[in-house]
Structures are given as C-alpha cells and as structure tokens.
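**Q** the following comprises the amino acid sequence and a computationally predicted model.
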Amino acid sequence: MAAGIGSRLSPLTDSTAKCLVGVSVIPILERLIRSLNAYGFSRLVIVVGHEAAAIQDYLGDHSGDMEISYVANPLYKTTNNIYSLWLARKVIDEPFLLVESDLVFDESLLEEMLEPDRIAISKQLPWMNGTTVTLDGEGRVSAFCLGALSRADAEHFKTVNIYSLSRSTWRAACERLDRHIAAGETGDYYESVFAEMVADRSLALAPVFFPADRWYEIDTLADLDAAELVFPRYSRAMSGTKAASRHRRGGRASRDSAPQVRAARELEYGALASEHGGYWRHGFVDHAYLYNLYFPPESLFEQLGSQIHELVLNYPVAQDVLAGLVGDYIGQPAERIAVGNGAAELIKVVSGQLAGRLIVPVPSFNEYVNAAPAKHFVEFALETPTFQLDVDKFAGEAIACNADFAVVVTPNNPTSLLVPKADLLRLLDSLDGHDCVLIVDESFIDFAEGGARASLEAEVAQYPNLAILKSMSKVYGICGLRIGYLVTANEALVQRVRDGLPIWNLNGFAEAFLRLAPLYRQEFAASCDQVRADRDVFYQELSGIPGLVVYRPEANFIFCRLPDDAPSGPEVTRRLFVEENIYIKHCQDKTMPESSRYVRIASRTRRENRALVDALQRVIGPQEAR
C-alpha cells in the first residue's frame, strides 16, 4: 500500500513518495523489497498514487525473481486505504501478505507471518497511536479498536499494519469492501472491515508479536529520527553484494541500487543542511561540529545516571548558585560570573539586548552578528590571506565607530588562529577610556598550545573593560548539556547580563555536571592533550594534499583553502557526505573574500582523521581523475 501523500513527513515528501524516503540511507521501499525477496515471494502488487511514476521508475517490473505490477489510485488525495485496497481486489485471488509501505522492521519477523490469517501486533508504547486490538482467552484477536476505542494499556496491542490473509478470507473481505465503497465510505481504513469480520466471528486472526524495538512506522520526521537509531546506516561494504542489487530480470536487469542510494543520500543532505544539531541520529562521521571526543569519562556519566530521578523530578538551582559553582571551578568570585544555557544564550543577551554598537572581526562565529539588531554591528574584515587580527587597526575602528562592545574570538572560528595574549592586552589598553568592553571568546582556548595559560581569565580583575566568554559545551564535550559563562570584574555588566536571563536557564543535568567537574580536572587536562596530539597529526596529513592551503590550527579544527581547480566548498561538503558518509563545514556563509573556497574540518580520532584525508583526496583530486 503506497498511495498516500505522507504530508506529515514534509518537506521530504513534497517531491518524492513517502516510501522512497531513506531510513539510514536505504529507502523504506527498498527495505521492504529486500525482505520479500528473502522469503521467496513471487509477485508484488503495489497500489500507487502520490508520485506513482517515481515508484514505478524506482522498481521497474521485477526485483530478483519477484514480478511487480501496479494498481493506480487516481483519488489518492481524497480517499483512504480502504479505497486503495478495494482497487486491488481484481488482481489478487490467492493468499497474500498485506503490508503498508511506511514500515521498517527486522526481516526475520516476517517468518511467522507466512501462515494465513495472521496479524502483526506489538506492545503499545507511549509514542504509538492508531488502531489497537484486544485478545481473547485463546490468544486470538477478539476486537479491533479504532479511533476513540483505541487504548494505551496492557490489554490493548498496537497493530503493525502487516496482515497475512488466506484466499477465503480475502474473498469474504472483498464482499465487505464492495459494500463500504458502494456506501461512499471511501475515507475509512480497511481495518474497519477486519473489525466487522472479527466481531461477527467470520475472521479469526492469530497474532504474531513484533518486539517494539524491532519495527517502526514512519509518519513524521520524529519517527524517522527514531527509526534511524533502531535501523543502522547502510554499509558501504554491502554495495557489491546481492543484497544491494536489484532488477536482475526484465527490462531493467542491469540497474542496481547505486543511483537510488545516491538519490536518497542527496535528499538526506538537503534535509541536514537546515538542521543545527541532532547529527548523532544520522550515523555519519561528524567533522563539522566542534567538541572534545575524549571527555567526559564514563564514570562521570555513571554519576549523572545515578541521580537521574532527582534531576528529572526537581527544579534546578538558579543563577546565584550556578555562578558559585562555575566560580569555584575557575577560581573567580561568583559576583563576576553570569552562567548561560550555552554561550549562545549569553551572546544573545550581549549582542541582542545590551550592545548599542558591536564590532566583530570577520570571518568569525556568526552568532555575534546574527543576534544583533540591524545597524547595531560593524564587521571588521581580517586581512587575507593570513586572517590575522591587527589589534591596532581593530582598536582604531572600534573607537571611530563608537562601539560599546568589541568581540575577539581566540582561537577564532573558523580560522582556528590564536590572537597572542600580548596583542589582546595591548588592545585592552587602547580601548581603555572609550567606554568599550572587550569580549574575548575563549571557547577553544584549552585546545591551544599552552592550554589555559593562554587565557586572559587571570587578568579580568586588572581590566574592568574585559569580559571573558566561554562555551563549556565544546571543550568539555557536553554539547547536549548547554553550559557557557561570562566572567568580568565589571559587576554592573554581570548584573545586566543576568537580568536578561530566565530564572531557571540551566537544567538539573547541567547543574550536576558543574558539581562533578572539579573531580575530573586531571582527566580533562589529559583529554585536551589528546585532542592537541590528534589535531597536530591531522594537520600534517592534510598538509600533504597537493594544492590544499592548510592553516596551522590552535583549536580542535582546521581551516583550509581548497585548490583553485578543485570543486567549491559547498560541492566538496556535499560530495563528502553523499559519497563518503562524512560531514564537514564549508565557509560560504562566512563574511570573507572567496568564501566558497574555504572549509573547516573538525579533528576527531586519528583513524577518522586519516579516513577524512583519504576521502578528501578522492573528492578534490586532479581534474583528470574526477
């Protein structure tokens, strides 16, 4: 059954059939076809409607030894699956399996469904909705519960939407389908027919239990995300096996799955481009987001897990206590600190609420400018090709434009370049007396050579016009906990920032992490050492790619200019994802000359870094090799 529009999966289904949406790359329909072939099915009838031509083009008229035919539902926009099933009555007159095309499941579960008059059911879990059934004392289906009758309790079981029907059952069902359609009930579900037959005992369905963690019905984007956790990504190693080949008979015998897999990857890449997180659900190698892979240690997770009931059930502490926890950790008085739900929340307050005129060197972290109202910011262009900050020119421009906040990110994002500490102190002196606060974003400072010694945190007491902003999420590898802080001796500024924050802006897990972090200083320092060591090897390996300009990094990522004859940054990013299952960050959205020629690549483990180097060489290799 594949006629529906699948509107709840928009935008993925705006221009493709729901059954062709990929779950971990493999289209749902492809998974179903593989399962049917595995059990020797000889014929497949597909009821099509929305994007019917795409489905027919995808499958052709054979898959392995299975013949494929199509039944068109021209009224798919205004009818439901009862009408689609009714349309198939003239082409089926044998025992068959009825399957909805939005299901993914463990192939082995079909084995018990091969006997006639069976129904796949599952334990009802909180996120499931739709038709349920109850069972009698002999374990057979006693009633279908549709609509308001459906229940989420131990007595009700969710229908999986897979049925095995005998020839006699199907003939009896067709008579009832005729009556429903003649009565104009084309908007119903075919389960209403099965419900009638079970109620009058003309149908006895034996249940086959599908474990809830081995199947998924894909109705929404959230369903798709969850299903990809259960059903792992397509393995590149399978691409040459029979499991990945189709259409070995008929007019499409030479075609295999590669074009369809690529098309699914392209769709996934297009959807991913609009996301700002949740990458772990997709299963690719993430060289885009910037975090410490070696922290926290497992024992810290265990301690958080041991408190899960208290952390979920109780309110967390508010700003004063949070500031004290951060202050204890970094050796600063609490009154100098504002704690944010990630650095992004603090940036939103500073740029969006406090700054009358903000000046930022570019390229840099976009959020400072994105959070500022129009005409409230000035972009100071870093000189190419070095991208080094001339602090004297920057100070002059800040004073000339009457900026009340100046921002320097060091190491900078995306360039991974450090502004020397002596230069920053000179910048502070230059801005002194001009009512301009220097925000130094040190979110990656722990990865720089010398680590925390490169920080200006120890100098805040000497410079009232200095504020340090830091994302703990990145260097501590806790992006999901969202912790950032601002520290300054300007207590009036601290209060203004705190006034812009909610009362409870951090959750209990973030609070618990701040309480536990002091116990793991040694492990954190070791993790930063490991990040630096891996990054330095990565830098050397990338530097070996002909024509690639690689900037020496101070953070846990590397800034590169692509060779002139290589594809653009967006194209390289797309091809790495589609062809290599690797995601990097192109810099086309950065304010800089020739932005499309630059990419930013996060350092991961040495093995993953080496694989990235090899993949990048394949993508940007000599023109004649492409």
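**A** Yes, it's here.

**Q** tell me the contacts of the closest residue to Glu196 other than its chain neighbours?
**A** What sits nearest to Glu196 in space, not counting adjacent residues and going by Cβ to Cβ, 6 or more residues apart in numbering, is Arg176, at 6.3 Å. From N, CA and C alone the C-beta is placed, and that goes for glycine too. By Cβ atoms under 8 Å, 6 or more residues apart in numbering, Arg176 lies in contact with Val193, Glu196, Met197.

**Q** just Leu469 next, same as before
**A** In this structure, Leu469 makes contact with Ala343, Leu346, Ile347, Val350, Ile439, Val440, Asp441, Glu442, Ser443, Gly484, Tyr485, Leu486, judged by Cβ under 8 Å, 6+ apart.

**Q** what about it, helix or strand, and which?
**A** Using DSSP states H and E, Leu469 falls within strand 466-471.

**Q** partner strands of that strand and their direction?
**A** Strands that pair with strand 466-471, judged by DSSP bridges, come out as strand 437-441 (parallel), strand 484-488 (antiparallel).

**Q** what mean pLDDT does the first one have?
**A** Spelled out, it's strand 437-441. Averaged over strand 437-441, pLDDT sits at 98.

**Q** kindly report the same for the last one.
**A** When pLDDT is averaged over strand 484-488, the result is 98.

**Q** list the buried residues for that strand?
**A** Gly484, Tyr485, Leu486, Val487, Thr488 (16 or more other Cβ atoms under 10 Å).

**Q** can you lay out the residues you listed as a markdown table showing distance to Asn73?
**A** Formatted as a markdown table, the buried residues of strand 484-488 follow (distance: Cβ to Cβ, whole Å):
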| residue | distance to Asn73 |
| --- | --- |
| Gly484 | 53 |
| Tyr485 | 58 |
| Leu486 | 59 |
| Val487 | 64 |
| Thr488 | 66 |
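
**Q** would you point out the most distant pair within those residues?
**A** Gly484 and Thr488 (13.9 Å; Cβ to Cβ).

**Q** quick one, phi psi at Leu165?
**A** Backbone geometry at Leu165, expressed as degrees, to the nearest 10, gives phi -120, psi 140.

**Q** and it, what pLDDT?
**A** In this prediction, Leu165 carries a pLDDT score of 97.

**Q** and for the one 4 residues further on?
**A** The pLDDT attached to Thr169 in the predicted structure is 96.

**Q** is it in a helix, a strand, or coil?
**A** Here Thr169 is recorded as helix under DSSP: H, G, I helix; E, B strand; the rest coil.

**Q** how many residues are close by Asn314?
**A** As a burial measure, Asn314 scores 10 neighbours (other Cβ atoms under 10 Å).

**Q** quickly note the distance from the residue nearest to it when sequence neighbours are not counted to Leu501.
**A** Leaving out its chain neighbours, the residue that sits closest to Asn314 by Cβ to Cβ, 6+ apart is Gly508, at 6.5 Å. According to Cβ to Cβ, to the nearest Å, Gly508 stands 17 Å off from Leu501.

**Q** Asp441 too?
**A** With Cβ to Cβ as the criterion, Asp441 and Leu501 are 18 Å apart.

**Q** which of these two has more neighbours?
**A** Ranked by neighbour count (other Cβ under 10 Å), Asp441 and Leu501 place Asp441 first, with 28 against 20.

**Q** what about the strands in the stretch 301-450 of the chain?
**A** Secondary structure of the stretch 301-450 of the chain (DSSP state E, counting those that start in this stretch): strands at 337-340, 358-362, 377-381, 405-409, 437-441.

**Q** my bad, should have said the stretch 451-600 of the chain
**A** Applying DSSP E, counting those that start in this stretch to the stretch 451-600 of the chain gives strands spanning 466-471, 484-488, 549-550, 557-561, 582-583, 585-586, 598-602.

**Q** of all the ones you listed, which one is nearest Glu155?
**A** Closest approach to Glu155 among the strands of the stretch 451-600 of the chain is made by strand 582-583 (45.5 Å; Cβ to Cβ).

**Q** what average pLDDT does that closest one get?
**A** pLDDT averaged over strand 582-583 gives 95.

**Q** please apply the same query to stretch 187-197.
**A** The average pLDDT within stretch 187-197 is 95.

**Q** flag every buried residue along that stretch.
**A** For stretch 187-197, the neighbour count (16+ other Cβ under 10 Å) marks Asp188, Tyr189, Tyr190, Glu191, Ser192, Val193, Phe194, Ala195, Glu196, Met197 as buried.

**Q** nearest to Cys19, out of the strands paired with strand 466-471?
**A** strand 484-488 (43.0 Å).

**Q** just to revisit the earlier point, show me which of the buried residues of strand 484-488 is closest to Ile330.
**A** Closest approach to Ile330 among those (Cβ to Cβ): Val487, at 6.9 Å.

**Q** wait, the closest one touches Ile337, no?
**A** Yes. If you go by Cβ atoms under 8 Å, Val487 and Ile337 touch, sitting 5.1 Å apart.

**Q** hey, what's in contact with both of those two?
**A** Going by Cβ under 8 Å, 6+ apart, residues that sit against Val487 and also against Ile337 are Val326.

**Q** surely Leu109 touches Arg118?
**A** No. Between Leu109 and Arg118 no contact is recorded; they are 11.5 Å apart, counting by Cβ under 8 Å.

**Q** identify the contacts common to these two.
**A** Common neighbours of Leu109 and Arg118, using Cβ under 8 Å, 6+ apart, are Val208.

**Q** mind checking how far Trp504 is from Glu115?
**A** Per Cβ to Cβ, Trp504 is found 56 Å from Glu115.

**Q** okay, these two: which has more neighbours?
**A** Comparing Trp504 with Glu115 by other Cβ under 10 Å, the one with more neighbours is Trp504, at 15 against 12.

**Q** how far away is that one from Asp320?
**A** 12 Å.

**Q** do the same with Asp446
**A** Remark: distance between Asp446 and Asp320 (Cβ to Cβ) = 26 Å.

**Q** the two: who's more crowded?
**A** Asp446 (25 against 12).

**Q** how about the contacts made by that one?
**A** Counting by Cβ under 8 Å, 6+ apart, Asp446 touches Ala452, Val475, Cys528.

**Q** so the closest residue to the second one other than its chain neighbours versus Ala263, what's the distance?
**A** Closest residue in space to Val475, ignoring its immediate chain neighbours: Asp446 at 4.6 Å, by Cβ to Cβ, 6+ apart. Computed as Cβ to Cβ, the Asp446 to Ala263 distance reads 42 Å.

**Q** next: Cys436.
**A** When Cβ to Cβ is applied, the distance between Cys436 and Ala263 equals 53 Å.

**Q** go on, Val578?
**A** 10 Å.

**Q** one more: Tyr279?
**A** 21 Å.

**Q** could you do Leu110 as well?
**A** Note on Leu110: its distance to Ala263, by Cβ to Cβ, is 26 Å.

**Q** same deal with Leu354?
**A** On the measure of Cβ to Cβ, Leu354 and Ala263 end up 48 Å apart.

**Q** got it, and Gly147?
**A** 37 Å.

**Q** in terms of neighbours, single out the busier of those two.
**A** With neighbours defined as other Cβ under 10 Å, Gly147 and Ala263 compare such that Ala263 has more, 17 against 9.
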